[in-house]
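**Student:** Attaching a predicted model along with its sequence, questions to come.
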Amino acid sequence: MCESNVYLKKDDTEELIMENVAAVTPIGNETFLLKGLLGESMEVKAVIEEINLMGHRIILKAL
């Protein structure tokens, strides 16, 4: 499978905000829609800090 876990970084800490994310779609200025494998979704206001496809990790930096 190709899903990733998404973490939100605030200061120097990373918080897991969603597991098994299948799609990340930009929906506005610094806003992303995360869509999960089972149909769940979440909007996040952040910027992309790192995408590690081999590690299945996406790190978004909180604004």
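**Tutor:** Perfect, thanks for sending it.

**Student:** okay, CA-based contacts and neighbour counts for the rest of this
**Tutor:** Fine.

**Student:** Residue 15 and residue 24: what is the separation?
**Tutor:** As for residue 15, its distance to residue 24 is 17 Å (criterion: C-alpha to C-alpha, to the nearest Å).

**Student:** Residue 58 too?
**Tutor:** Taken as C-alpha to C-alpha, the span from residue 58 to residue 24 is 9 Å.

**Student:** Would you mind telling me which of the two has the busier surroundings?
**Tutor:** A side-by-side neighbour count of residue 58 and residue 24, using other C-alpha atoms under 10 Å, places residue 58 first with 20 against 17.

**Student:** Contacts only, for the more buried one.
**Tutor:** Contacts were defined as C-alpha atoms under 8 Å, 6 or more residues apart in numbering; by that measure residue 58 touches 4-7, 48-52.

**Student:** do the same with residue 5
**Tutor:** 16-21, 56-58.

**Student:** Swap in 6 Å and give it another go.
**Tutor:** Residues in contact with residue 5 (C-alpha atoms under 6 Å, 6 or more residues apart in numbering) are 18-21, 57.

**Student:** which one of the contacts of residue 58 is nearest residue 33?
**Tutor:** Nearest to residue 33 among those is residue 6, at 11.5 Å by C-alpha to C-alpha.

**Student:** Spit out the contact partners of the closest one.
**Tutor:** 17-18, 57-59.

**Student:** The residues you listed into CSV, with extra columns for distance to residue 39?
**Tutor:** Below are these laid out as CSV (distance: C-alpha to C-alpha, whole Å):
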residue, distance to residue 39
17, 15
18, 12
57, 19
58, 18
59, 21
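
**Student:** Regarding the chain, what is its longest strand?
**Tutor:** Ranked by residue count and defined by DSSP state E, the top strand of the chain is strand 13-28.
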